[in-house]
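> this is a predicted model, with the sequence first.
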Amino acid sequence: MIGMIFAQMAPVVDGIVASGGMGEEALSAIGIVGPMDYIFNLICALFGIGCGVVISRCSGAGEKAKASRVFSRTLIIMISVTLGLMALAFIFTDPLLKLFCATKENIGYARTYLQVMLAGGVFMTLNFAGDYILANDNNETLAVAGDIVGAIVNFIIDFLGVYVFHQGIWIVAFGTVAGSFCCVLVYLLHFKKKDRLCCLVKPVRKEGDPSLLEIIKPGSAEALMYFLFTVQLIVQNFVLRNDGGISGLANSAVIENLSIIFTIVIAGSSDAIFPMASAYHGEQNKSGMLMVKRSLTKTGFFMLLVPVLILIIFPQLTIMPYKIDDPVMLASLPFAVRLVSFNQLFVFLDTIMIDYLSATEQEKKANIAFIIQFFVQVPLTLLLNIWSHLNSAWYASIIAQVVVLFYLAFFCGDLPKGMRHFHRENLLMLRGGKLAPAFVSGFEEEAGKCIGRGQLETLKQKMISPLLQVLTGEKEISGTFSILKRNDDRMAAVLHYEAKKDLLEDLPEIETDDEDEEDEEEVPFDTCIRSEFLGMRRIMIILNEESE
């Protein structure tokens, strides 16, 4: 969430600085360019989320070499698509701005802002997509560091450029591009990490590797969301321009920035589902998947409730930073802020469930949810505008989110399951504590109740005995043992523990698959796999059913 605060603040900072330094026309121009931001986010979602989820699944399944090949292929394709989009947008700049509802008063500002942003499009794409990929590769700390550096650079350039050197809107856009460039430089430090999954290798596709379609599928729901948001924002700008001219478009820009701030809270909570649920999905740990959904729902909802209540009571807190003096905006914005703030509670619940579907290979249901939202919200915006004018878009959004929530709760299986209470699915045994010898021995005794003798003997030989040899007692290490019955009816013994180094790295009898030979679709029986898993260390053994 800290990373998202800084990663998503660029358009908010741009809007505040442009409004304070150049007025409502500059603020409305940044709102006009908003649909283009969503189009770039579409690319980031397809390739960043998609690649990240596939990497997490590879982590859960112990397939390290496959993760590197997927990363290398995805990076090349993502940059190529971004360059193609940049070229097309440069060629058709003015038609695009007219489509986005630019007026003769703000098209000059909008043209300059868009063209400077397009010049740095590759860095902006790598910045946003890199957040998802690094988080899925167990390096969320570096992702946060890059976001913070980028946000600070953007703020300094914007503030000095507008208020000290009195430059135009081009410097505001340049600050965003420069911030993204510096963020990407920080991301490059990830390649010094020894046990990363994202390695630059020859971008070939081996047998068993996912196709391009399979890579982008996990991100397709969020990409569809950004595409539909683009159309919704164009319709919103059209309605508000016709109702209020520059004032209406500036209203739209303020509300979009407010939505971005709420997105920070929502995405900071819900986006953790992508690496966590997908990794547990790769491990075939259903209880872990439900645990993730429950904990993120509770944490995110209560974090969101506080700012929602504050802005419903004091909507002026959103308006004051822009130094607005337009009477139309001052009269209409407070009620709009209240409506949009209240709506975020529905947005959050929908987002949690849609992200869970995307992380667990149910992208079709997630896509349907966004399509329902679109076909409810856009017509309603146009219809309600006959009566409510400047507030029609916000009423339509609330109704659309409620309809989507109804679809997710009642037509997507038992999706609300696990959001309130713990449900034990395929988890046969779970034991957690400090990894002392007595604790490890207790695990052995309890595991014997779940698995056969031959399986227990394998577990002792390949996990328990080597672990007892290295537990010195000098430093307490927390961990969990679990026994899973997977979807394929294979039994798996899993140890997760908190340590900077692999406890068993010096023991040759504990081996991972040869990364150069990793073409098998399934992990072999009785092979002990060591990997980093959601920021922790993991040892997993798929136990041979024939050894009972």
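Received, thanks.

> next, Ile542: phi, psi?
Ile542 adopts backbone torsions of phi -90, psi 110, taken as degrees, to the nearest 10.

> do you know how far it is from Leu484?
10 Å (CB to CB, to the nearest Å). Heads up, the C-betas are built off the backbone N, CA and C, glycines and all.

> now the common contact residues for the two.
Shared contacts of Ile542 and Leu484 (CB atoms under 8 Å, 6 or more residues apart in numbering): Met491, Ala492.

> which element is the closest residue to Ala18 other than its chain neighbours on?
Distances taken as CB to CB, 6 or more residues apart in numbering place Ala26 nearest to Ala18, at 4.0 Å, with adjacent residues excluded. Assigned by DSSP states H and E, Ala26 belongs to helix 24-32.

> name the helices or strands packed onto that helix?
helix 10-22, helix 107-119, helix 169-187, helix 246-270 (3 or more CB pairs under 8 Å, 6 or more residues apart in numbering; DSSP states H and E).

> redo these as CSV? Include mean neighbour count and mean pLDDT.
What follows is the helices and strands packed on helix 24-32, written out as CSV (neighbours: other CB atoms under 10 Å; pLDDT from 0 to 100):
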stretch, mean neighbour count, mean pLDDT
helix 10-22, 22, 89
helix 107-119, 21, 95
helix 169-187, 23, 96
helix 246-270, 23, 85
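
> dump these into JSON lines; add distance to Ala67 as well.
Putting the helices and strands packed on helix 24-32 into JSON lines (distance: least, CB to CB, whole Å) gives the following:
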{"stretch": "helix 10-22", "distance to Ala67": "30"}
{"stretch": "helix 107-119", "distance to Ala67": "32"}
{"stretch": "helix 169-187", "distance to Ala67": "17"}
{"stretch": "helix 246-270", "distance to Ala67": "23"}
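
> so what's Glu520 scoring on pLDDT?
Looking at Glu520, its pLDDT reads 45.

> now the strands for the chain?
427-434, 478-485, 491-497, 528-533, 536-543 (DSSP state E).

> ok, the first one: who's next to it in the sheet?
Sheet pairing for strand 427-434, assigned by DSSP bridges, gives strand 478-485 (antiparallel).

> equivalent analysis for the last one, please.
When sheet partners are counted by DSSP bridges, strand 536-543 sits next to strand 491-497 (antiparallel), strand 528-533 (antiparallel).

> for Pro203, find the nearest of those.
Closest approach to Pro203 among the strands paired with strand 536-543 (CB to CB): strand 528-533, 22.4 Å.

> for the residue nearest to the spatial centre of the chain, phi and psi?
The residue lying closest to the centre of the chain (CA atoms, centre = their mean) is Asp271, at 3.9 Å. The phi/psi pair for Asp271 (degrees, to the nearest 10) reads phi -70, psi -20.

> what pLDDT is listed against it?
On pLDDT, Asp271 comes in at 77.

> from what I see, it and Ile354 are in contact.
No - look at Asp271 against Ile354 with CB atoms under 8 Å: they stay out of range, at 11.4 Å.

> ok, and the closest non-adjacent residue to Ser247?
Take Ser247 and drop its neighbours on the chain: the residue closest to it by CB to CB, 6+ apart is Val328, 4.0 Å away.

> tally up the residues packed near that neighbour, please.
18 (other CB atoms under 10 Å).

> and it, what is it in contact with?
If a contact means CB under 8 Å, 6+ apart, then Val328 has Gly244, Ser247, Gly248 as its contacts.

> dump those to CSV, plus distance to Ala119.
Shown next, in CSV, are those (distance: CB to CB, whole Å):
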residue, distance to Ala119
Gly244, 32
Ser247, 31
Gly248, 30
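
> could you check how far the residue nearest to Leu330 when sequence neighbours are not counted is from Ile246?
Nearest residue to Leu330 in three dimensions, chain neighbours excluded: Ile324, at 6.3 Å (CB to CB, 6+ apart). According to CB to CB, Ile324 and Ile246 sit 12 Å apart.

> shared neighbours, those two?
Joint contacts of Ile324 and Ile246 (CB under 8 Å, 6+ apart) are Glu24.

> stretch 87-98: end-to-end distance?
Counting by CA to CA, to the nearest Å, you get 18 Å between the two ends of stretch 87-98.

> ok, Leu467 - contacts?
Leu467 is in contact with Leu435, Val440, Leu495, Leu503, Leu504, Ile539, counting by CB under 8 Å, 6+ apart.

> let's see it at 6 Å
Counting by CB atoms under 6 Å, 6 or more residues apart in numbering, Leu467 makes contact with Val440.

> again, but for Thr176
Ala10, Asn154.

> next: Gln8.
Here Gln8 is in contact with Ile260, Ile264 (CB under 6 Å, 6+ apart).

> burial measure for the closest residue to Ala151 other than its chain neighbours, as a count.
Spatial nearest neighbour of Ala151, excluding adjacent residues (CB to CB, 6+ apart): Phe6 at 3.7 Å. Neighbour count for Phe6, taken as other CB under 10 Å: 22.

> and the gap between Phe6 and Ala393?
28 Å.

> and what of Leu349?
Note on Leu349: its distance to Ala393, by CB to CB, is 21 Å.

> roughly how far apart are the closest residue to His389 other than its chain neighbours and Ala396?
Nearest residue to His389, sequence neighbours excluded (CB to CB, 6+ apart): Asp243, at 4.8 Å. Using CB to CB, Asp243 is found at 14 Å from Ala396.

> those two: who's more crowded?
Per other CB under 10 Å, whichever of Asp243 and Ala396 has more neighbours is Ala396, with 25 against 18.

> and the gap between the residue lying closest to that one once chain neighbours are set aside and Ser259?
Leaving aside its sequence neighbours, Ala396 sits nearest to Leu380 (CB to CB, 6+ apart; 3.7 Å). Leu380 is 17 Å from Ser259, where distance means CB to CB.
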